[in-house]
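Asker: Dropping a prediction and its sequence here:
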Protein chains: 2
Amino acid sequence: MTDTTAHDERYMRMALDEARRAADEDEVPIGAVIVAADRVVAKAHNLTERLCDVTAHAEMQAITAASTALGGKYLSGCTLYVTVEPCVMCAGALAWAQISRIVYATPDPKRGFTREAPACLHPRTRLDSGCLADKASTLIRDFFKHKRQ
Amino acid sequence: MTDTTAHDERYMRMALDEARRAADEDEVPIGAVIVAADRVVAKAHNLTERLCDVTAHAEMQAITAASTALGGKYLSGCTLYVTVEPCVMCAGALAWAQISRIVYATPDPKRGFTREAPACLHPRTRLDSGCLADKASTLIRDFFKHKRQ
């Protein structure tokens, strides 16, 4: 676990709530929250099945929503809380957005960006992980276990 | 230049038309077209400024539009024509879509995916480049030259 706090846990719990909403809709349970100056400016969950669109990851929708809420396409000063390590697509988007910090709960060894594009984030983006990791990984594991039954 | 044909040029000209539309709207001039079984299923151009959204690249919008047109989130059997080498975000999205082929006109040495995530595409995706490269790079060069004036 890297440097996360009780403050981070508060927002990660919101992201986990979003992930549970995804599971309820039979979507892979991943949720995301974006916070600016201690204010939540976006909440989203994975909607790739409902929207029939591979780009509808939680992070992508959160970026779009935060940009709308803040009236600017750059998210410097913002922190993204996401329940699973972002994929290459989402990390690339977060790089364009120049987000200040990313906190993810559990790693994704297969599709996480740190495997295929470890240097793709903006140089000023701080990356932390491990916050409520067990809860996030249990959600994912239970979802796929149920799917296989 | 890799293996592109006169057939490819036809679709790349459409993508260049889209890029010109972007330039007319004061957007970085990048255009994209997706073709399935010799039928155009999506045309799009960069709209990051108008939509105030870093995720609104030509390729991302084309993926969403093609998925809607085809009624499925996987784009196997499709070819994407894009005027500039996709970035990491767009390449990651094209990987999720399992697109069969990508043809780009001109490379992007700074933000192109082949620099930061060369292995991120789906293993079955074929990548070609160089088709009408001069026209695509002239569009980009002229756009930024005009911006600096």
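Answerer: Thanks, I have it.

Asker: for the nearest residue to A:Thr68 once chain neighbours are set aside, helix, strand, or coil?
Answerer: Closest residue to A:Thr68 in three dimensions, ignoring its sequence neighbours and counting by CB to CB, 6 or more residues apart in numbering or on different chains: B:Cys52, at 7.1 Å. All C-beta atoms are positioned from the backbone trio N, CA, C, and that covers glycine. For B:Cys52, the assignment made with DSSP: H, G, I helix; E, B strand; the rest coil gives coil.

Asker: again with A:His146
Answerer: When states are read from three-state DSSP, the local structure at A:His146 comes out as helix.

Asker: Ok, A:Ala32 next?
Answerer: Recorded secondary structure, A:Ala32: strand (three-state DSSP).

Asker: sorry, back to before: the residue nearest to A:Thr68 contacts A:Gly72, doesn't it?
Answerer: Yes: applying CB atoms under 8 Å as the test, B:Cys52 and A:Gly72 come out as touching, 6.7 Å apart.

Asker: Those two: which has the busier surroundings?
Answerer: Comparing B:Cys52 with A:Gly72 by other CB atoms under 10 Å in any protein chain shown, the one with more neighbours is B:Cys52, at 16 against 13.

Asker: quick revisit: do you know the pLDDT at the residue nearest to A:Thr68?
Answerer: Here the pLDDT value assigned to B:Cys52 is 97.

Asker: Phi first, then psi, for it.
Answerer: Note on B:Cys52: backbone dihedrals following degrees, to the nearest 10 are phi 50, psi 50.

Asker: Helices of chain A, residue ranges please.
Answerer: Listed from the start of the chain, chain A has helices (DSSP state H) covering A:6-24, A:58-70, A:88-97, A:113-116, A:133-148.

Asker: can you list the residues of chain A near chain B?
Answerer: Taking CB under 8 Å from any CB of the partner chain, the part of chain A that reaches chain B is made up of A:48-49, A:52-55, A:60, A:63-64, A:67-68, A:71-74, A:87-93, A:95-97, A:113, A:116-117, A:119-120.
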